[in-house]
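Engineer: Sequence first, predicted coordinates after that:
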Amino acid sequence: MELSALPTLEQHLLNQLTTPPTEVRRLFHGRGRCWPGLEQLTVDWLSGQVLVSLFKEPDEAFLTALTAQLTALTNTPVWQQSGAVSLLLQHRDRPGAPLDVLWGEHQEYQQVVENGLTFKLDLGRKQNNGLFLDMRLGRDWVKRHGEGKRVLNLFAYTCGFSVAAIAGGATHVVNLDMAKSALSRGRENHHLNQHDLSQVSFLGHELFKSWGKVRKLGPYDLIIIDPPSFQKGSFALTKDYQKILRRLPELLTEQGQVLACVNDPAVSSRFLIDGMAAEAPELTFVERLENPPEFRDIEPEGGLKVLRFTRGQARDHARREA
């Protein structure tokens, strides 16, 4: 990271905060590599809490200058009129991803709104806060196309897709994630949106040991696969994704669709397209969903990839539905 790039960050934040978002949003996305010298820095608007994240530890001069600049920002009229309540700096490259409160009052549990839905975040207790903002348009697609569908949400985390699906009229969602604490937060997220939990199942299991339970609760009209790149002892993206793809035909209805996701900059869309062709050839690639404009990336394949597939005989119907 470069000291000379800090004025660019300052001006960008002033522009963004002149008209602050009404919902949760990324304000600055350095990781898209469109801002030279700021590639390891992001800024998020979390219902008035402003979270600055450093993904790589900078040198002392940069960190000192960044902290001084952010502190000075809080004294500007733009900041004071924005409705901001805190300014937080997270060091994601340090053990435990510690959080510094630079200004205001830190609220550890923060409710945010996205596309009219409410989610509860953890700020300062974990590396990830509970909602991946780059998946906003994916959750929106599920909400718009969920009506009447039975949904399987693999690697469900805090159940953002599940909340969107039920809000969109899904009849049932099965959430599977080995992190039971994340699924507990998913229950809270459904409660926050006044959802009927009889329509939602939570399986706190390791996927590859649970195919029988997953199959028993199917078949599914929509399967969402949004795995981490690596999960120690349970999942390695380039090695294990194919094991999931080959199971899809036995889990899907005849008109079933799949949203297959990958967020590793080193893994392109072709990995999923070719993998599906090899492991589940009856599924046809339809489209890649757009990423939110605030997540612009200098290399389109470097950001989040959300690909939609459908069973071959349903291809024309799916294209009309898009």
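Structural biologist: Yep, it's here.

Engineer: pretty sure P228 is touching D240, no?
Structural biologist: No - taking CB atoms under 8 Å as the definition, P228 is not a contact partner of D240, at 10.8 Å. Any C-beta I mention is one placed from the backbone N, CA and C, and that applies to glycine too.

Engineer: Spell out the residue ranges of the strands in the stretch 1-150 of the chain.
Structural biologist: Listed in chain order, the strands found in the stretch 1-150 of the chain under DSSP state E, counting those that start in this stretch are 25-29, 41-46, 49-54, 86-91, 99-104, 109-114, 117-122, 150-154.

Engineer: who's in contact with the residue nearest to E57 when sequence neighbours are not counted?
Structural biologist: In space, E57 comes closest to D93 once its chain neighbours are excluded; the distance is 4.6 Å by CB to CB, 6 or more residues apart in numbering. With contact set as CB atoms under 8 Å, 6 or more residues apart in numbering, D93 has these partners: L54, F55, K56, E57.

Engineer: how many other residues sit next to F208?
Structural biologist: In terms of burial, F208 registers 12 neighbours under the definition other CB atoms under 10 Å.

Engineer: How about S86?
Structural biologist: The burial metric for S86, expressed as a neighbour count using other CB under 10 Å, is 19.

Engineer: Pull stretch 146-156 out as CSV, backbone CA atoms only.
Structural biologist: Listed in CSV are the C-alpha atoms of stretch 146-156, where the atom choice follows Å, rounded to 0.1, in the frame of the first residue of the first chain:
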residue,chain,number,x,y,z
GLY,A,146,-37.9,-18.1,-5.1
GLU,A,147,-41.7,-18.2,-5.2
GLY,A,148,-43.0,-21.7,-4.8
LYS,A,149,-39.6,-23.3,-4.7
ARG,A,150,-37.9,-25.8,-2.4
VAL,A,151,-34.4,-24.7,-1.9
LEU,A,152,-31.1,-26.3,-0.8
ASN,A,153,-28.6,-23.8,0.6
LEU,A,154,-25.1,-25.5,0.9
PHE,A,155,-22.4,-23.8,2.9
ALA,A,156,-25.3,-21.7,4.3
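
Engineer: related to what we said a few turns ago, want to try a markdown table for the contacts of D93, with neighbour count and pLDDT as columns?
Structural biologist: Written out in a markdown table, the entries for the contacts of D93 read as follows (neighbours: other CB atoms under 10 Å; pLDDT from 0 to 100):
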| residue | neighbour count | pLDDT |
| --- | --- | --- |
| L54 | 21 | 97 |
| F55 | 16 | 95 |
| K56 | 11 | 95 |
| E57 | 14 | 94 |
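
Engineer: of those, closest to S162?
Structural biologist: F55 (27.7 Å; CB to CB).

Engineer: The closest one is in contact with H29, isn't it?
Structural biologist: No - F55 lies out of contact with H29 (CB under 8 Å); the separation is 11.3 Å.

Engineer: hang on, the earlier thing: would you mind finding the most buried of the strands of the stretch 1-150 of the chain?
Structural biologist: With neighbours defined by mean count of other CB atoms under 10 Å, none of the strands of the stretch 1-150 of the chain is more surrounded on average than strand 150-154, at a mean of 26.

Engineer: So in that sheet, which strands flank that strand, and in what orientation?
Structural biologist: strand 172-176 (parallel), strand 220-225 (parallel) (DSSP bridges).

Engineer: Can you show me the helices along this structure?
Structural biologist: 6-18, 60-73, 77-82, 136-145, 160-167, 180-192, 211-216, 237-245, 248-251, 269-279, 315-321 (DSSP state H).

Engineer: Figure out which of the ones you listed is closest to L307.
Structural biologist: In terms of CB to CB, the element of the helices of the chain nearest to L307 is helix 269-279, at 5.1 Å.

Engineer: how about the closest one as PDB, C-alpha atoms only?
Structural biologist: In PDB, the C-alpha atoms belonging to helix 269-279 read as follows (Å, rounded to 0.1, in the frame of the first residue of the first chain):
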ATOM      1  CA  SER A 269     -15.800 -19.200 -14.400                       C
ATOM      2  CA  ARG A 270     -14.500 -22.000 -16.700                       C
ATOM      3  CA  PHE A 271     -13.700 -24.100 -13.600                       C
ATOM      4  CA  LEU A 272     -17.500 -24.300 -12.900                       C
ATOM      5  CA  ILE A 273     -18.700 -24.500 -16.500                       C
ATOM      6  CA  ASP A 274     -16.200 -27.300 -17.400                       C
ATOM      7  CA  GLY A 275     -16.700 -29.000 -14.100                       C
ATOM      8  CA  MET A 276     -20.500 -29.100 -14.600                       C
ATOM      9  CA  ALA A 277     -20.100 -30.400 -18.100                       C
ATOM     10  CA  ALA A 278     -17.900 -33.200 -16.900                       C
ATOM     11  CA  GLU A 279     -19.800 -34.200 -13.700                       C
END
